[in-house]
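Peer 1: Sharing a sequence plus its predicted fold:
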Amino acid sequence: MKHRRILCLWFPQLPIENLRLMWRQTHPANQRADTVSPAKGNQKAKPQKKPLALLEQTPKGIKIFAANPAANHAGVRTGMRLADAKAVCHNLETLHHDPKADQKLLMRRTAWLLRFSPIVVPHLPDTIFLDITGCDHLFGGEKQMLNQIHTQLQKLGHSTRLGLGDTIGAAWALTKYEKNNKTILPADNPHQGLAFLPVHALRLTPEQADALFQLGLKTIGQLFDLPRAALTRRFPDPDQGEAVLKRLDQAVGRYEEPLTAPEHQPDFRFTAAPVDPFIDLPNIERSFYELLDQLFALLDKLQQGVLHLRLDCFFGDGKIKSFPIRLAQPSRSKPHIKRLFDEKLITIDPGFGIDALVLNANKIDQLPAQQLQLDAHHESARQDENLSPLLDRVANRLGPGAVYRLAPFESHLPEQSQKAVHPLKPEAWENWPSNLRRPATLFAHPEPIEVIAQIPEGPPIKFLWRKVLRHITYAQGPERILPEWWADLADRLRVRDYFEVEDHKGLRYWVFREGHYDDPMEKGAPTWRLHGLFA
């Protein structure tokens with residue numbers, strides 16, 4: 001059984017790197033700047049080799065949140081008060097820290113890392129975890145995979161530290177407390193790699209770490225040899241001792257700690273990551289068709305079809321562009337799906353190059369049964385079979401939710417008596433009341449009108465709609481529709497009286513009066529609205 005492998009990435013200078021990246025986007029000619037200095041307005045900074053620090057407001061005053069290498073060399077440290085930092089470094093430039101901007105950058109890097117693994121989980125403010133179990137062979141092994149991630153992140157402007165282990169705790173400990181930028185813990189041997197790390201590497205709180213230091217326990221290896229019951233008894237608070245043991249068990253794998261991706265994972269995933277980036281459309285199309293071949297070979301083996309497909313293009317500058325495809329029913333027709341994607345592939349601009357293509361397949365399901373006999377029902381089956389590709393082309397051009405079919409829905413209110421369903425779902429209108437007369441055009445939101453009636457409760461004789469006065473020559477009604485008590489617990493809806501009226505030009509309207517004139521319980525005067533138009 002293959003061991004679970006967790007990769008942890010730490011961006012120790014993420015806030016400073018974020019400022020540098022913003023400057024590069026604004027001034028592409030200055031790509032080799034190492035430090036930044038403040039700018040006004042949106043705080044996009046200008047690169048200069050000067051000490052820079054980011055500030056945060058704390059209950060104890062303004063303190064240093066992050067500092068660039070030049071400031072660190074001058075003696076500025078994280079957590080230092082601003083006055084002390086100015087005393088140490090007189091030419092220190094400062095900016096206020098923007099945590100939301102750092103969070104957005106971390107989310108962008110999380111999406112970028114999906115090219116290496118389908119399970120990528122951010123951990124604010126500066127850490128990302130990847131479950132690379134079974135993924136490393138696609139990149140030549142674990143060492144080559146870490147080298148590739150580290151090198152490409154350097155090109156994007158990041159100084160990162162990477163740690164690989166069997167557990168989340170082990171990967172985090174290696175990333176934070178090992179001296180090397182890339183550390184790989186051998187599979188099924190966490191004790192040897194963690195023994196010499198400080199107890200802080202167990203993700204303990206400062207109080208828990210201080211309690212261990214008072215007991216003379218400074219490294220994780222010292223906890224391995226200590227009896228568990230004895231360790232718990234040495235803490236004044238038993239819960240604190242149990243928390244330390246839990247962190248220890250998580251690091252060595254005795255206590256399972258799940259790593260759950262925030263989004264739904266694809267059923268199948270295929271990746272094309274060439275040595276040299278894709279720079280022209282023919283190479284992109286050829287590699288994409290190879291991914292389709294792999295997908296349909298698997299679908300043919302399983303005798304199943306796919307409903308949702310998505311092609312992700314990972315650009316060399318860190319950007320990601322996705323092309324989703326949704327089908328009306330499960331399919332494994334390669335020409336049909338290829339035709340849908342061809343309309344999207346021609347819009348790709350490789351720019352400076354695309355590093356990887358990832359094809360995700362979701363909702364793998366059984367193919368619908370087909371009628372193969374030459375009888376009376378064969379022609380209708382052929383019509384449904386021909387309708388599905390047409391619906392796919394129209395829906396993918398217009399966008400999700402643009403193509404649907406209306407089906408009846410149990411509701412007294414006319415505007416809520418229908419619902420949108422799948423376009424190929426069988427009709428279910430047999431239970432629809434046949435004695436109800438409804439207009440061909442029904443407004444989703446009834447429009448207000450100004451009405452003149454002979455008697456308060458009677459039909460209108462004139463009404464003003466969209467600045468045009470309509471003279472009524474014929475009226476039929478009313479049809480009373482009561483509000484739904486189960487959906488109107490606040491008693492905000494009122495009784496509706498619908499009238500079918502015709503004006504002097506022969507146009508027929510469906511209008512209603514909401515409320516009564518002579519009801520003392522009514523809240524406000526009745527209102528008139530136009531709800532639909534008859535053919």
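Peer 2: Perfect, I can see it now. Predicted model, so just to flag it, every value in this text is computed and none were measured.
Peer 1: Show me the helices in the stretch 301-450 of the chain, by range?
Peer 2: Using DSSP state H, counting those that start in this stretch, the helices of the stretch 301-450 of the chain run over 334-345, 378-398.
Peer 1: Tell me where the model's unsure across the protein.
Peer 2: 1-2, 24-48, 261-264, 368-386, 396, 400, 426-434, 487-492, 518-523 (pLDDT under 70).
Peer 1: Which residue ranges make up the domains of it?
Peer 2: Using automatic domain parsing, the domain ranges for the chain come out as 1-187, 268-396, 441-533.
Peer 1: Looking at these, which one is packed in the most?
Peer 2: Comparing the domains of the chain by mean neighbour count (mean count of other CB atoms under 10 Å), domain 1-187 comes out on top with a mean of 18. Where C-beta positions appear, they are placed from N, C-alpha and C, glycine not excepted.
Peer 1: Could you check how far the closest residue to residue 330 other than its chain neighbours is from residue 329?
Peer 2: Leaving aside its chain neighbours, residue 330 sits nearest to residue 305 (3.1 Å; criterion: CB to CB, 6 or more residues apart in numbering). Counting by CB to CB, to the nearest Å, the separation of residue 305 from residue 329 is 8 Å.
Peer 1: who wins for proximity to residue 224 among the domains of the chain?
Peer 2: domain 1-187 (13.4 Å; CB to CB).
Peer 1: so who does the most far-flung residue of the chain relative to its centre touch?
Peer 2: For the chain, the largest distance from the centre (CA atoms, centre = their mean) belongs to residue 454, which lies 58.1 Å off. Residues near residue 454 by CB atoms under 8 Å, 6 or more residues apart in numbering: residue 461.
Peer 1: Quick check: it vs residue 182, distance?
Peer 2: 88 Å.
Peer 1: Check residue 348 too.
Peer 2: 33 Å.
Peer 1: again, but for residue 406
Peer 2: 58 Å.
Peer 1: What of residue 289?
Peer 2: 35 Å.
Peer 1: Mind jotting down where the strands sit in the stretch 401-535 of the chain?
Peer 2: Residue ranges of the strands in the stretch 401-535 of the chain, as given by DSSP state E, counting those that start in this stretch, are 405-408, 418-421, 441-453, 460-465, 468-481, 496-503, 508-514, 527-533.
Peer 1: Nearest to residue 82 among those strands would be which one?
Peer 2: Ranking the strands of the stretch 401-535 of the chain by proximity to residue 82 (CB to CB) places strand 441-453 first, at 55.8 Å.
Peer 1: pull the CA atoms of that closest one into CSV?
Peer 2: Provided in CSV are the C-alpha atoms of strand 441-453 (Å, rounded to 0.1, in the frame of the first residue of the first chain):
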residue,chain,number,x,y,z
THR,A,441,-46.4,35.8,-21.9
LEU,A,442,-46.2,35.9,-18.1
PHE,A,443,-44.0,38.6,-16.5
ALA,A,444,-41.6,37.3,-13.8
HIS,A,445,-42.3,40.5,-11.9
PRO,A,446,-45.8,42.1,-12.3
GLU,A,447,-45.6,45.7,-13.5
PRO,A,448,-47.5,48.4,-11.7
ILE,A,449,-50.3,50.2,-13.5
GLU,A,450,-52.7,53.1,-12.8
VAL,A,451,-56.4,52.0,-13.0
ILE,A,452,-59.8,53.8,-13.3
ALA,A,453,-62.7,51.5,-12.4
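Peer 1: other SSEs contacting that strand?
Peer 2: In terms of contacts (3 or more CB pairs under 8 Å, 6 or more residues apart in numbering; DSSP states H and E), strand 441-453 is packed against strand 460-465, strand 508-514, strand 527-533.
Peer 1: Those strands: which one's closest to residue 154?
Peer 2: Across the helices and strands packed on strand 441-453, closest to residue 154 is strand 527-533 (CB to CB), at 63.5 Å.
Peer 1: helices or strands up against the closest one?
Peer 2: Checking 3+ CB pairs under 8 Å, 6+ apart, strand 527-533 ends up next to strand 441-453, strand 460-465, strand 508-514.
Peer 1: CA-only coordinates of that strand in PDB, if you can.
Peer 2: C-alpha atoms of strand 527-533 as PDB (Å, rounded to 0.1, in the frame of the first residue of the first chain):
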ATOM      1  CA  THR A 527     -52.700  48.200  -5.900                       C
ATOM      2  CA  TRP A 528     -53.100  47.200  -9.500                       C
ATOM      3  CA  ARG A 529     -50.500  45.300 -11.600                       C
ATOM      4  CA  LEU A 530     -50.200  43.900 -15.100                       C
ATOM      5  CA  HIS A 531     -49.000  40.200 -14.900                       C
ATOM      6  CA  GLY A 532     -49.100  39.000 -18.500                       C
ATOM      7  CA  LEU A 533     -50.200  39.300 -22.200                       C
END
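Peer 1: Setting the sequence-adjacent residues aside, check what's closest to residue 326.
Peer 2: residue 308 is the one closest to residue 326 (CB to CB, 6+ apart), at 5.5 Å.
Peer 1: What separation is there between that neighbour and residue 361?
Peer 2: For residue 308 relative to residue 361 (CB to CB), the value is 7 Å.
Peer 1: Check residue 213 too.
Peer 2: Residue 213 is 52 Å from residue 361, by CB to CB.
Peer 1: for residue 402, same thing?
Peer 2: With CB to CB as the criterion, residue 402 and residue 361 are 23 Å apart.
Peer 1: Same question for residue 269.
Peer 2: Residue 269 is 7 Å from residue 361, by CB to CB.
Peer 1: Over to residue 238?
Peer 2: Counting by CB to CB, the gap from residue 238 to residue 361 is 50 Å.
Peer 1: same thing with residue 288?
Peer 2: 13 Å.
Peer 1: Quick one: distance of stretch 88-108 to the chain centre.
Peer 2: 25 Å (CA atoms, centre = their mean, to the nearest Å).
Peer 1: what does it rub up against?
Peer 2: 11, 14-15, 17-19, 21-22, 37-38, 43, 45, 50-56, 65-66, 71, 74-76, 80, 82, 85-86, 122, 124-126, 128, 318.
Peer 1: In helices only, show me those.
Peer 2: Counted as lying in helices by DSSP state H, out of the contacts of stretch 88-108, are 14, 15, 17, 18, 19, 21, 22, 71, 82, 85, 86.
Peer 1: which of these lies closest to residue 201?
Peer 2: Closest to residue 201, out of all of the ones in helices among the contacts of stretch 88-108 and judged by CB to CB, is residue 14, at 20.3 Å.
Peer 1: residues contacting the closest residue to that closest one other than its chain neighbours?
Peer 2: Spatial nearest neighbour of residue 14, chain neighbours left out: residue 126 (4.6 Å); criterion: CB to CB, 6+ apart. Neighbouring residues of residue 126 by CB under 8 Å, 6+ apart: 10, 11, 12, 14, 102, 106.
Peer 1: With residue 483 instead?
Peer 2: With CB under 8 Å, 6+ apart, residue 483 has these contacts: 412, 413, 493, 494, 495.
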